[in-house]
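[1] Quick one, what's the 3D model for this:
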Amino acid sequence: AFVGEQPGDQEDLQGRPFVGPAGQLLTRALAEAGIARDACYLTNAVKHFKYEQRGKRRLHQKPTAGEVRHYRWWLMKELEIVRPSLIVALGATAVLALTDKALPITKVRGPATFDAGAGFITVHPSYLLRLPDESAKQDAYRAFVADLAHARSLAVQSRAGAA
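    Below is the predicted model of the structure:
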């Protein structure tokens, strides 16, 4: 299962998670890491799109810790029903939702244990889209794909151990 922050503009309009630019990047990275997107459960920590209207554009606003906590029960119920072999937290908001603690991604990136089960922490794909330097963007993308490949290996091990 992959947990993101909240629906973005396209996700809100289409009613499905990870269909906008960050979702397209995630799909590409998943494929490069050997993960079939359609074999994954994708969801968000916060269930509504928080935005500021600017003309015709709806600009993303980061959810507050209170909003994340408000939806935590819902996320935990989803994960209880889905019972994934591994939960991948994409970014700090997902980590907050899964741990009930604000943790810096750079310090906790990698394997993790969440209340809902075995996990892995990495950056949110939208982070990669916001990097201004092309070289840094390529390096960060490669690290993201490596994280996903590592998560894949952990999920395979977890499934093998459960069998």
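[2] Name the spans of the chain whose pLDDT lies under the cut-off.
    The model of the chain has pLDDT under 70 over residues 161-163.
[3] Which helix runs longest in it?
    Longest helix in the chain by number of residues, with DSSP state H as the criterion: helix 134-162.
[4] gap between that helix and the chain center?
    Centroid separation for helix 134-162 versus its chain: 12 Å, with CA atoms, centre = their mean, to the nearest Å.
[5] What residues sit buried inside that helix?
    141, 144-145, 147-149, 151-152, 154-155 (16 or more other CB atoms under 10 Å). Heads up, the C-betas are built off the backbone N, CA and C, glycines and all.
[6] Do I have it right that G117 meets V88?
    No - applying CB atoms under 8 Å as the test, G117 and V88 come out as separate, 11.2 Å apart.
[7] Who has more neighbours out of the two?
    Set side by side, G117 and V88 show more neighbours around V88, with 25 against 16, by other CB atoms under 10 Å.
[8] Helix or strand: which one has that one?
    If you go by DSSP states H and E, V88 is part of strand 87-90.
[9] Any chance of a markdown table for the buried residues of helix 134-162, columns distance to A45?
    Below are the buried residues of helix 134-162 laid out as a markdown table (distance: CB to CB, whole Å):
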| residue | distance to A45 |
| --- | --- |
| Y141 | 23 |
| F144 | 19 |
| V145 | 23 |
| D147 | 18 |
| L148 | 19 |
| A149 | 24 |
| A151 | 17 |
| R152 | 22 |
| L154 | 21 |
| A155 | 20 |
